[in-house]
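Chemist: Here is my input, please return the structure:
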Amino acid sequence: MDVLAIRDLAAAHHEGYVASLRAMVDIDSGTFNRAGVNRIADLCEARFREHGWDVERIGDVAATGPELGDTVVGTIRGAGGARVLMIGHMDTVFDDGTASERPFSVRGDRAYGPGVSDMKGGLLSGFLAADVLREARFDAFERITYVCNPDEEIGSPSSSETIRRLAAGHDAALVLESGRSNGAIVSSRKGTIDYVIRIHGRAAHAGVEPDEGRSAVIEAAHKAIEIADIHGRWPGVTCNVGVLRGGTRSNVVAEDAVLEVDLRAPELTTLEEGRRAIEAVCARPATDGVTISVSAKGSHEPMEKTPASRRLVDAAVAVAGELGFDLSDTATGGASDGNTTSTAGCPTLDGLGPVGGGAHSRDEWLDLESVVPRIALLAGVITRL
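Modeler: Residues are numbered from 1 along each chain as shown. The predicted structure is shown next:
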């Protein structure tokens, strides 16, 4: 398939892409804003139905926590070939009111606004890539399945089971997070474990009977230093004590304290080493009479670069060359739904959306000049599977 012809077809959609992106960015869709996320889901479902996809809409299936938005899954069938899974998320990290405070705007070649690159720009590019393939009459695939999920920013507690189930039945997963600011695609991501460590001591009057108390805050300080020492113990392993809170008043020996810890590693073996190290630290209280409990509130196994995913990288680099630009792959410390598909055994390539940066900040941006080349890249990769 001539990828230059695909690029020309994509170019005809640029104006419509920007208009649709504006409409999406100007909707507040923070993960816990169920109504806002479902407004984006409505737009995705409408696009699917308009272009003849089979559509499944799945309500929140998370076991705990506030009710989340729906997952929308579209499927189109071809004449035979690869089974391709695409994934884009509809939620952002931003509070209600952000879209009206700083709505979609364009300055020069960049678009700005909450979620513009993380990841409403990539979410839209999946639809456009499928559209241009159909316009080019390319149908040499068994099926393309596109998951639009509502909860990636909190680890996909509602949608991960759907993603895992679908990944097992597909030959490749293409995740549409934005390309890195230098244009690179993502071939590996660190695994993560988020810990909540609860420390329970004994309260006492700090002036009258201080020695009768067992300070949970002092114990938490010891544990924070010991856990921080795990950082860098193995190549690429990071360990961050992000929260330490405890106590009630300065004249009370603190009865309770909490640590929140982020552990990341590029390989499953070192992620397990880090896990065992944290558990070992917490099994040895420095203070008699203090108890410590450790719970993992969320985790992703690493998205490791495998021979199969390397072939996806090679295909993407070749397509980019035909389109006239250089492309490289990189590793990143952040997790995505690509960790889930990779762990399920599906070769995965991430960062295929338009180029962007400043995610989760007021300065989040998307390079509008990259939109057409990246749509053509995504569509071109599908033709090589």
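Chemist: For residue 321, which three-state class applies?
Modeler: helix (DSSP: H, G, I helix; E, B strand; the rest coil).
Chemist: Please report how far it lies from residue 188.
Modeler: To residue 188, residue 321 is 22 Å away according to Cβ to Cβ, to the nearest Å. All C-beta spots, glycine's among them, are computed from the backbone N, C-alpha and C.
Chemist: which one of the two has more residues nearby?
Modeler: The residue with more neighbours, out of residue 321 and residue 188, is residue 188; 21 against 12, by other Cβ atoms under 10 Å.
Chemist: counting contacts, what elements does the helix or strand in which the more buried one is found pack onto?
Modeler: Per DSSP states H and E: residue 188 is located in strand 185-189. Contacts defined by 3 or more Cβ pairs under 8 Å, 6 or more residues apart in numbering; DSSP states H and E place strand 185-189 against helix 307-323, strand 329-332, helix 337-343, strand 348-349.
Chemist: among these, which is the most enclosed?
Modeler: strand 348-349 (a mean of 30; mean count of other Cβ atoms under 10 Å).
Chemist: got the angle between the next helix or strand after it and strand 185-189?
Modeler: Sequence order places strand 353-357 as the next helix or strand after strand 348-349, per DSSP H and E. Put simply, strand 353-357 runs at 80 degrees to strand 185-189, going by axes from the mean of the first three to the mean of the last three Cα atoms, to 10 degrees.
Chemist: Which strands or helices does strand 353-357 pack on?
Modeler: helix 121-135, strand 178-179, strand 365-367, helix 371-383.
Chemist: thinking again about what came up before, between the strand holding residue 188 and helix 371-383, what angle do the directions make?
Modeler: Angle of strand 185-189 versus helix 371-383, following the same axes, to 10 degrees, is 60 degrees.
Chemist: Check which element follows strand 185-189 along the chain.
Modeler: From strand 185-189, the next helix or strand downstream (DSSP H and E) is strand 191-200.
Chemist: So which bits of that next one are buried?
Modeler: 191-195, 197-199 (16 or more other Cβ atoms under 10 Å).
Chemist: Can you say which two of these are spatially most distant?
Modeler: 191 and 199 (25.7 Å; Cβ to Cβ).
Chemist: Tell me what angle the strand holding residue 188 forms with helix 307-323.
Modeler: Using the same axes, to 10 degrees, strand 185-189 lies at 170 degrees relative to helix 307-323.
Chemist: any idea of the mean pLDDT for strand 185-189?
Modeler: Mean pLDDT, computed over strand 185-189, is 98.
Chemist: export it as CSV, just CAs?
Modeler: C-alpha atoms of strand 185-189 as CSV (Å, rounded to 0.1, in the frame of the first residue of the first chain):
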residue,chain,number,x,y,z
ILE,A,185,7.4,6.2,19.6
VAL,A,186,7.3,4.1,22.8
SER,A,187,8.5,0.5,22.7
SER,A,188,8.8,-0.2,26.4
ARG,A,189,7.3,1.2,29.7
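Chemist: Show residues contacting that strand.
Modeler: 175, 177, 179-180, 266, 300, 302-305, 309-310, 312-313, 316, 327-336, 338-339, 349-352 (Cβ atoms under 8 Å, 6 or more residues apart in numbering).
Chemist: follow-up on the earlier one: out of the helices and strands packed on strand 185-189, flag the one nearest residue 362.
Modeler: So among those, strand 329-332 is nearest, using Cβ to Cβ, at 21.6 Å.
Chemist: Given the closest one, what are its sheet partners and their directions?
Modeler: If you go by DSSP bridges, strand 329-332 pairs up with strand 185-189 (parallel).
Chemist: possible to save the helices and strands packed on strand 185-189 as TSV with distance to residue 371 and mean pLDDT?
Modeler: Listed next are the helices and strands packed on strand 185-189 as TSV, based on distance: least, Cβ to Cβ, whole Å; pLDDT from 0 to 100:
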stretch	distance to residue 371	mean pLDDT
helix 307-323	13	98
strand 329-332	20	97
helix 337-343	21	97
strand 348-349	19	98
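Chemist: among the ones you listed, which is nearest residue 170?
Modeler: That would be helix 337-343 among the helices and strands packed on strand 185-189, by Cβ to Cβ, at 8.1 Å.
Chemist: separation between residue 367 and residue 87?
Modeler: From residue 367 to residue 87 the distance is 21 Å (Cβ to Cβ).
Chemist: Compare neighbour counts for those two and give me the winner.
Modeler: residue 87 (31 against 22).
Chemist: Check the secondary structure at the more buried one for me.
Modeler: Here residue 87 is recorded as strand under three-state DSSP.
Chemist: I figured it hits residue 337, correct?
Modeler: Yes. Assessed by Cβ atoms under 8 Å, residue 87 is found in contact with residue 337 at 4.9 Å.
Chemist: Could you pull out the residues contacting both of these two?
Modeler: In contact with both residue 87 and residue 337: 147, 149, 163, 175, using Cβ under 8 Å, 6+ apart.
Chemist: can you tell me which residues contact the last one?
Modeler: I take that to be residue 175. 86-88, 186, 336-338, 341, 348-352.
Chemist: Straight-line length of stretch 149-162, end to end?
Modeler: Using Cα to Cα, to the nearest Å, the end-to-end distance of stretch 149-162 comes to 9 Å.
Chemist: any idea how far the spatially most central residue of the chain is from residue 98?
Modeler: Most central in the chain under Cα atoms, centre = their mean is residue 336, positioned 3.0 Å from the mean C-alpha point. Separation of residue 336 from residue 98 (Cβ to Cβ) stands at 22 Å.
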